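> Here's my sequence, what's the structure:
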Amino acid sequence: DGTAVLIRGTSTSRVLAQGVLDEHARASLQIEAATNDGDYVVTLPAHEVQVTLTVRTIPGWVTLVPPFLAIVLALLFHQVVPALVFGIWSGAWIYYGGPFVGALRLIDHYVVNALADADHVSIVIFSLLLGGMVGIVARSGGTFGLVEALTPHATSSRRGQLVTWLLGILIFFDDYANTLLVGNTM
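Numbering: from 1, shown residues only. Modelled structure (predicted):
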């Protein structure tokens, strides 16, 4: 009970993690830093148990791959959602060490956890309903009517930007609605 636990690197005496054992001999550890790949030995002094902990570090530049991939795919294919999914998948691939494992963790960890949150689900439903309504308005000619009404006021590029700015302020009851409505119209 209350026995201190230290994790030291096998090639260094620097403390990588420390924590305390509870009454069931479970250790809650706080990892400080592991800067090198390799095996580290966990010593639990009160129980004379040694456990080997394998640490895999990822170079810092690799963390730029998922956002770069998402941006490039969004620019190439003009589709944001698939680009974001591929960006998250590449991050899971890097983190979990394989494309298949990354795909499985993308679904069972990231998507499920995001959709289990009531706030996230309400945003997704609201955006889908709003997008559907914008589609109905566009198919019925409402967007064309708005464009026809705004065209006389947008005679130059500067005035077009001013009309876009004013429309963005007028239709700002929600940030998602603003993007869907003003973006489609302008």
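
> so where's the longest helix in this structure?
In the chain, with assignment by DSSP state H, the single longest helix is helix 118-139.

> what packs against the helix or strand just after that helix?
Under the assignment DSSP states H and E, the closest C-terminal helix or strand after helix 118-139 is helix 142-150. Other elements packing on helix 142-150 under the criterion 3 or more C-beta pairs under 8 Å, 6 or more residues apart in numbering; DSSP states H and E are helix 118-139, helix 175-185. Every C-beta, even on glycine, is put in place using the N, C-alpha and C of the backbone.

> Just want the angle from helix 142-150 to helix 175-185.
Helix 142-150 runs at 70 degrees relative to helix 175-185, counting by axes from the mean of the first three to the mean of the last three C-alpha atoms, to 10 degrees.

> now what about helix 142-150, what contacts it?
By C-beta atoms under 8 Å, 6 or more residues apart in numbering, the residues outside helix 142-150 that reach it are V134, V137, A138, V163, L167, N184, T185.

> do the same with stretch 60-72
A83, L84, F86, G87, I88, S90, G91, I94.

> Apply 10 Å and report the result again.
Identification of contacts with stretch 60-72 by C-beta atoms under 10 Å, 6 or more residues apart in numbering yields 80, 82-95.
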